[in-house]
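> Okay, here's the prediction I keep looking at, along with the sequence it came from:
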Amino acid sequence: MATTESESFVRALARGLKVIEVLGQSAPRRTVAEIAEAADLPRSVVKRFALTLTELGYTGHDGKRFWLTPKVMTLGLSYLYALPFWRQAQLALEELSAEIGQSCAMSVLDGHEIVYVVRVPTYRILRASPTLGSRLPAHAVSMGRVLLAAEPPAALDAYLASAALKRLTHATITDPDLLRAAIGRVGESGTAWVDAELDESICGLAVPVRDADGSVVAAANVSLPTGQFSEAHAREAFLAPLRQTAARIRASM
């Protein structure tokens, strides 16, 4: 494995990617000085990388400010297209959403967050409704609990020791021991129900998506308005079709 101290680590590549990340945050157009401050890199280094990215078509430049171009989307889409189940998952979740009349999604775990790789909304539940590529804290959402439950014990220990378990609502579990217990229950049942922990207006029911070998590679969920569905009602109405959809995605692998 390449670390920042190893000979295998390519610092130039890491710095170039950092410039892209910074340009994807906050202000759409930034000067070299602004990028350098946000990336914690020397201005001369940032200027070389930004101009190189412009030459390659990943950034635009007006002589003063740089911005990302649509070509950057190919980097993210390359990940989706590389997932052997993504196209089938998109179709399966669209059909599930049409069948049950609720928003559906699929996500993967990346560090302390989940990342949406499929999102099929029916109406806006959250104030900032997640879209493809959106990130949410894993501890406060149903898909996060499912993905954490699939982690090896050592990885889960590391997560609980390092993750910032931020309180987002009155219901958010922030105590590591209580969260571990909740994740353990998800592992035993194979499903996760989270109510009003990310946002007081939303609850969710999630199940794992497994590959042909039985390993959990993603999580799928149904998002619901809090107050309209109890856990028992949601499980009765949506668990069977949600599991069938997960099985259908698995079969496509």
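Looks like it arrived, so ask away. Keep in mind the model is a prediction, meaning the values are calculated, not measured. Numbering: from 1, shown residues only.
> which other residues reach stretch 81-92?
Stretch 81-92 is contacted by residues 80, 106, 117-118, 120, 209, 211, 217-218, 220, 245, 248-250, 252-253 when judged by CB atoms under 8 Å, 6 or more residues apart in numbering. Where you see a C-beta, it was placed from the backbone N, CA and C, and this is true even at glycine.
> can you tell me which of those residues are in helices?
80, 245, 248-250 (DSSP state H).
> Of those residues, which count as buried by neighbour count?
245, 248-250 (16 or more other CB atoms under 10 Å).
> In this protein, what residue spans correspond to helices?
Going by DSSP H, the chain shows helices at 11-23, 32-39, 43-56, 73-82, 86-100, 142-149, 153-162, 176-189, 231-234, 240-251.
> sorry, back to before: of all the ones in helices among the contacts of stretch 81-92, the one with the weakest confidence?
Ranked by pLDDT, those bottom out at L80, which has 82.
> Leaving out the residues flanking it, which one is nearest to it?
Leaving aside its chain neighbours, L80 sits nearest to W86 (5.0 Å; criterion: CB to CB, 6 or more residues apart in numbering).
> Report the separation between that neighbour and A206.
18 Å (CB to CB, to the nearest Å).
> which of the two has more neighbours?
Remark: of W86 and A206, A206 carries more neighbours, 29 against 19, as counted by other CB atoms under 10 Å.
> residue contacts, that one?
141-143, 145-146, 191-192, 194, 219-222, 242.
> Can you tell me which of these is closest to H233?
Top of the list for closeness to H233, among these and by CB to CB, is V222 at 11.9 Å.
> Tell me, how many residues neighbour that closest one?
Neighbours of V222 using other CB under 10 Å come to 26.
> who does it bridge with?
C104, L205 (DSSP bridges).
> ok, it to L93 distance?
10 Å.
> Can you check which residues contact both of these two?
C104.
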